[in-house]
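Chemist: Need a 3D model of the following:
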Amino acid sequence: MKIVVLIKQVPDTAEERHLEPDTGRVDRGASDPVIDEITERALELALTIKDGDKSTEVVVATMGPAGAAKSIRKALSMGADTGIHVLDDSLAGADLVLTARALAAMLREAGADLVIAGNASTDGWAGMLPAMVAEHLGLPLLGSLVSAEIGGDKVTGTRQNESGTQEVSASYPAMITVTERFAEARFPNFKGIMGAKRKPVETLSASDLALTAEVRSRVLDVAQRPARAAGRTITDDGNGAAELVDFLASRRLI
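Modeler: Modelled structure (predicted):
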C-alpha cells in the first residue's frame with residue numbers, strides 16, 4: 001500500500017501569531033515554524049500502519065516555501081520513506097482554491113492508495129481543503145475521524161459529533177482526515193535523523209504540475225484586535241444572582 005500524508009508547516013502554536021499588515025498573510029517569520037500538530041498525527045497513523053506491514057510506503061507531501069523542506073526532513077526522520085515538495089514562488093499566498101488544485105495535481109502524479117490529512121490546520125482552521133482535493137480527484141472522503149482502521153481492501157473509521165457516532169468506510173483509493181483524537185506523533189531518534197538526510201525528496205514546480213497559478217482571493221484589510229475592556233463587578237447584596245442573569249441575557253449569552 002502507498003500512503004501519502006499531507007503535512008503543513010505552520011507558525012508554532014505555542015507562540016503568539018501575527019498577520020502581515022501589508023498582505024494580510026500570516027507572518028511566518030514571527031515565530032518558529034513547526035509541522036502542524038494535527039498533520040503530525042496523520043503521519044503517526046500512517047507510520048503505525050507501516051510498523052505492522054513493512055511493505056507499506058509512506059510519502060509525506062507539502063506545498064510551501066523553501067523553508068518547508070525542514071518539515072519534510074523531520075517527517076522523514078520520523079519514519080516516512082520519501083517526500084514531495086510543491087515549491088514555486090508563483091504559489092505564494094495561494095488561497096484554498098489554488099492550493100487544492102496544486103495538491104490534487106501532485107497527488108495524481110503520486111498515485112496513492114490512501115491519502116491522509118488533518119481535518120483543519122492550526123493557522124487557518126478553514127477545514128475545507130481536504131474535501132476540495134478529494135473532489136478534484138474523485139475520491140471518497142472520510143472526514144473528521146476520531147478513529148480509523150486501514151484494512152486490506154478498505155478503510156473504515158468513526159466520526160463523532162453532538163448527535164452521536166457514525167461508522168463510515170470506503171474502498172481504495174480514498175482520502176481520510178484525522179482529528180486531535182488520534183495518537184500524538186512519535187519523536188525521531190538519532191538513527192532516523194541521520195537516515196533522513198539520504199531519503200529522496202522530489203521538488204515540483206507549478207509548471208511540472210501543468211498548473212497555471214492564479215490567486216483569486218486576497219485580504220482587503222487587516223485590523224489589530226481591540227484591547228479587552230475591563231469586566232463588570234457584581235457585588236452580591238442579595239440580588240447578585242438576578243443581576244448576573246440580567247447581565248448575561250443583555251448580551252444574549254443565555
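Chemist: Buried residues of the longest strand seen in the chain, list them for me.
Modeler: The longest strand of the chain (DSSP state E) is strand 141-150. Within strand 141-150, the residues that count as buried by 16 or more other C-beta atoms under 10 Å are Leu141, Leu142, Gly143, Ser144, Leu145, Ser147, Ala148, Ile150. No exception for glycine: its C-beta is placed from N, CA and C like everyone else's.
Chemist: Lys8 contacts Ile35, correct?
Modeler: Yes - under the criterion of C-beta atoms under 8 Å, Lys8 makes contact with Ile35 at 7.3 Å.
Chemist: Can you pull the residues that touch both of these two?
Modeler: Residues touching both Lys8 and Ile35 by C-beta atoms under 8 Å, 6 or more residues apart in numbering: Ser71.
Chemist: right, and the helix or strand after the longest strand of the chain?
Modeler: Downstream of strand 141-150, the first helix or strand assigned by DSSP states H and E is strand 154-161.
Chemist: so what strands line up beside the longest strand of the chain?
Modeler: In the sheet, strand 141-150 lines up against strand 154-161 (antiparallel), strand 174-178 (parallel) (DSSP bridges).
Chemist: closest one to Leu103 among these?
Modeler: Nearest to Leu103, of all the strands paired with strand 141-150, is strand 174-178, at 10.8 Å by C-beta to C-beta.
Chemist: So what touches the closest one?
Modeler: Residues contacting strand 174-178 (C-beta under 8 Å, 6+ apart): 38, 41-42, 45, 113-119, 130, 133-134, 137, 139-145, 148, 154-155, 157.
Chemist: Spell out the residue ranges of the strands in the stretch 1-150 of the chain.
Modeler: With DSSP state E, counting those that start in this stretch as the criterion, the stretch 1-150 of the chain has strands at 2-6, 9-11, 33-35, 57-63, 82-86, 114-118, 141-150.
Chemist: Show me what counts as buried in the third one.
Modeler: Residues of strand 33-35 classed as buried by neighbour count (16+ other C-beta under 10 Å): Pro33, Val34, Ile35.
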